[in-house]
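**Q** Got a sequence here, can you model it:
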Amino acid sequence: MKSTQRHAAAAAGFFALSLAGTAVLAQQQPAQRGGPPKEDTPYILVSTFHSNDRQLGVDMADELRKRLQSEHAARELYVIPANNIKTTLEASGYRPDSALNSSDLMELAKSLRGEQVIDGTANKTGNGIHVETRLLMKSGSQTLSQPLPAVDAKDAGDAAKTIERNLTAATKALPSYKKCLQDLRAQKNDDALADAQQGLAAYSNSSFARVCQLNALANKKASADEIINAATALRAVDPTSMMALANLAEAYKTKGDTNKVIETNLAIYRLDPSNSALAGSIVNDLANSGAPDKALPIVDSLLKDNPADPQMLQTKWKLQLRAGQFKNAIATGEQLAKIDTAIVTADFYTRMIGAAQSDSNPAKVQELAAKASQKFPKDATYPMLLAQASRKAGQSQQALQYAEKATEIDPKNANAWLLAIFAANDLKQPDTSMALAQRAIAAGVDKNQIGSLLLQNVNASFQKAQASKTREDYEAALKDAETVDAIAGSPQTKFFIGVESYSIAADILTNVQTLAKSSKKDDHAQACVQAKQAEDYLAKTSMAMPAGGSVDAKTASQILGAVSQYSDYVGQIKKAFNCK
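**A** Numbers count the residues shown, from 1 in each chain. Presented below is the predicted three-dimensional model:
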């Protein structure tokens with residue numbers, strides 16, 4: 001049986017037996033001195049301690065009950081007898097020596113009128129035993145905890161003496177705590193704070209007094225810093241206080257301290273990892289606080305019990321995307337799509353394709369884009385993605401086909417036309433590029449927009465040539481610039497043409513100088529050929545650069561000055577070698 005189911009069953013069983021338990025108490029004479037308990041006497045439950053040695057757990061509980069019974073009159077503190085505990089446990093289907101968890105302990109105490117509960121752990125050590133205890137009390141739906149100092153003793157009897165003294169010291173704060181609760185109910189928050197201070201004066205480590213203090217401050221809407229101070233003080237006494245952690249998390253949110261919010265939320269989860277509602281809330285807080293990577297282990301723990309939960313899988317997928325875990329996000333997304341087909345929307349594909357792109361996985365990009373294109377045939381986004389992926393893969397013909405399909409779906413999409421033009425350029429089909437650009441403009445795409453988009457490619461080619469300084473790259477860049485200039489000329493295209501044609505001419509003339517120094521007629525003939533080539537490129541520069549000068553006047557002036565000198569040199573070569 002799962003833990004939560006067992007708790008529910010225990011609660012039902014203990015509740016059903018509450019009247020029977022009361023009857024048993026009435027029939028059995030208390031073992032304590034001082035007569036029967038009064039109506040307002042607190043009852044304390046001491047059940048089997050948790051232990052890796054079951055008998056030690058039983059012995060520790062027995063010894064502590066005996067010690068409490070011997071030190072306290074029944075009218076002061078009534079210790080619920082072992083037989084009453086045994087009878088109730090057996091009737092509820094538990095072994096009489098069961099060490100219960102805190103939830104079941106509180107249900108057992110409720111059925112036996114127990115107001116106070118000792119929850120303890122005892123284990124053997126090399127020199128005796130080590131015992132840790134805490135006093136539990138119910139406040140509304142909450143179970144409050146007062147940790148007691150840990151005890152190292154030679155045996156259970158010796159440990160019980162010390163635990164009883166520690167418990168007696170801690171309960172000195174209870175009268176002030178109960179008065180504090182009354183004042184809180186009456187909305188007398190200042191009085192409640194004073195009560196809490198009295199409780200702390202009676203027992204400085206009183207977690208109950210600090211709980212009441214924190215409640216009073218919260219009711220007064222105290223500042224975040226005051227709440228943090230009070231909650232931190234409570235945690236110092238009781239590190240397991242969920243109330244302290246909840247108040248800390250809220251106060252840190254108010255202060256905008258994201259790191260502290262994350263730290264506190266993780267502490268909350270570690271205390272109660274089985275609470276799925278709480279875990280889900282913490283996941284959302286962590287995600288919103290910018291820590292999706294810290295939320296993922298919590299999501300994984302929730303998925304263990306229900307791995308096909310579509311909502312939690314979707315949460316995991318989105319967290320992985322936000323955390324930059326793209327490969328994992330793709331796998332989770334594909335799993336989610338199988339479980340919940342409704343998730344497979346255009347947004348889903350957009351995110352998945354983005355993850356594949358970020359993961360540098362072009363094959364997955366193409367696969368996802370192909371599926372999306374089939375599901376959403378009227379969306380130009382996906383054939384465009386396929387065109388981009390195909391172009392990167394060197395599949396220019398497929399890229400052109402996908403791009404043209406995108407233009408058919410959305411004729412006014414300038415980017416689709418641009419992709420088609422670039423693909424045609426890759427295929428060395430300038431006529432196709434020109435035709436595509438003209439069709440784009442005819443479809444209503446702004447001529448300047450086409451030109452502006454095309455300039456991106458022209459600039460990329462130019463930057464590549466500038467970096468390599470090779471004639472081949474300058475020639476490719478010039479071709480791109482002239483193609484764009486023919487479609488949508490601008491000062492920018494003219495400037496690129498001027499710089500690139502000048503750079504090619506300069507490179508050619510450097511070689512001409514070498515050839516001119518040769519005594520071979522073939523070299524002189526070649527010098528003539530290349531000088532004519534340079535002259536043609538210089539002519540392009542002379543025609544383009546005046547219009548492109550507005551882009552960079554200084555560079556344009558320098559290049560046009562150099563063109564004049566190079567033109568003179570070309571004339572000298574032609575004359576010297578009688579070039580025709």
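**Q** all strands of the protein, in order?
**A** Assigned by DSSP state E, the strands in the chain fall at 43-46, 78-79, 116-124, 129-139, 142-147, 151-153.
**Q** To residue 419, which of these lies closest?
**A** For residue 419, the closest of those is strand 142-147, at 62.5 Å, according to C-beta to C-beta. For the C-beta atoms, the positions are set from N, CA and C on the backbone; glycine is no exception.
**Q** List the residues that contact the nearest residue to residue 37 once chain neighbours are set aside.
**A** Once flanking residues are discounted, residue 37 sits nearest to residue 78: 3.9 Å by C-beta to C-beta, 6 or more residues apart in numbering. Residues in contact with residue 78, defined by C-beta atoms under 8 Å, 6 or more residues apart in numbering, are 30, 32, 37, 41-44.
**Q** try 6 Å this time
**A** 37, 41, 43 (C-beta atoms under 6 Å, 6 or more residues apart in numbering).
**Q** which helix of the chain spans the most residues?
**A** For the chain, the longest helix by residue count, based on DSSP state H, is helix 521-548.
**Q** Can you give the distance of that one from its chain's centre?
**A** Taking C-alpha atoms, centre = their mean, to the nearest Å, one finds helix 521-548 lying 61 Å from the centre of the chain it belongs to.
**Q** and it, average pLDDT?
**A** What helix 521-548 shows for mean pLDDT is 95.
**Q** before we move on, what about stretch 421-440?
**A** Mean predicted confidence for stretch 421-440 is 86.
**Q** And stretch 294-314, by the same measure?
**A** 84.
**Q** buried residues in it?
**A** 294-296, 298-299, 302, 309, 312-314 (16 or more other C-beta atoms under 10 Å).
**Q** Give me the contacts around stretch 204-223.
**A** So stretch 204-223 is contacted by 144, 146, 173, 177, 180, 184, 189, 192-193, 196, 199-200, 226-227, 230-231, 233-234, 237-238, 247 (C-beta under 6 Å, 6+ apart).
**Q** is it true that residue 136 touches residue 117?
**A** Yes: Residue 136 lies in contact with residue 117 (C-beta atoms under 6 Å); the separation is 4.2 Å.
**Q** Please say which of those two ends up with more neighbours.
**A** Higher neighbour count among residue 136 and residue 117: residue 117, with 25 against 18, using other C-beta atoms under 10 Å.
**Q** Give the closest residue to residue 179 in space, chain neighbours not counted.
**A** residue 195 (4.8 Å).
**Q** Deepest in the core, which of the strands of the chain is it.
**A** strand 78-79 (a mean of 26; mean count of other C-beta atoms under 10 Å).
**Q** now it: mean pLDDT?
**A** Mean predicted lDDT for strand 78-79 stands at 96.
**Q** Relative to it, what are the paired strands and their orientations?
**A** Using DSSP bridges, the strands paired with strand 78-79 in its sheet are strand 43-46 (parallel).
**Q** neighbouring contacts of the strand it pairs with?
**A** Counting by C-beta under 6 Å, 6+ apart, 61, 64-65, 77-80, 109, 113-118 sit against strand 43-46.
**Q** Let me know the closest of the residues you listed to residue 288.
**A** residue 117 (37.5 Å).
**Q** From residue 275, how far off is that closest one?
**A** Going from residue 117 to residue 275 by C-beta to C-beta, to the nearest Å gives 21 Å.
**Q** what's the answer for residue 441, then?
**A** Residue 441 is 63 Å from residue 275, by C-beta to C-beta.
**Q** just the helices in the stretch 151-300 of the chain please.
**A** 156-171, 174-185, 189-202, 207-219, 224-237, 242-255, 258-271, 276-288, 292-305 (DSSP state H, counting those that start in this stretch).
**Q** how about residue 453, what does it touch?
**A** Counting by C-beta under 6 Å, 6+ apart, residue 453 has contacts 414, 418.
**Q** Recalculate using a threshold of 8 Å.
**A** Applying C-beta under 8 Å, 6+ apart, the residues near residue 453 are 414-415, 418.
**Q** Equivalent analysis for residue 407, please.
**A** 380, 413, 416-417, 420, 439-440, 443 are the contacts of residue 407 under C-beta under 8 Å, 6+ apart.
**Q** what do you get if the cut-off is 7 Å, keeping everything else the same?
**A** By C-beta atoms under 7 Å, 6 or more residues apart in numbering, residue 407 lies in contact with 413, 416-417, 420.
**Q** Columns neighbour count and distance to residue 335 on top of these, output as a markdown table?
**A** Putting these into a markdown table (neighbours: other C-beta atoms under 10 Å; distance: C-beta to C-beta, whole Å) gives the following:
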| residue | neighbour count | distance to residue 335 |
| --- | --- | --- |
| 413 | 19 | 33 |
| 416 | 27 | 33 |
| 417 | 27 | 38 |
| 420 | 28 | 36 |
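**Q** which one of the residues you listed sits closest to residue 530?
**A** residue 420 (36.4 Å).
**Q** ok, the closest one touching residue 403?
**A** Yes: in this structure, residue 420 is within contact of residue 403 by C-beta atoms under 7 Å, at 3.8 Å.
**Q** could you measure residue 132 against residue 148, distance?
**A** Applying C-beta to C-beta to residue 132 and residue 148 gives a distance of 8 Å.
**Q** got it, and residue 451?
**A** On the measure of C-beta to C-beta, residue 451 and residue 148 end up 81 Å apart.
**Q** about what we covered before: and residue 540, which of the strands of the chain is closest to it?
**A** strand 142-147 (85.0 Å).
**Q** Adjacent strands (with direction) for that closest one?
**A** strand 129-139 (antiparallel).
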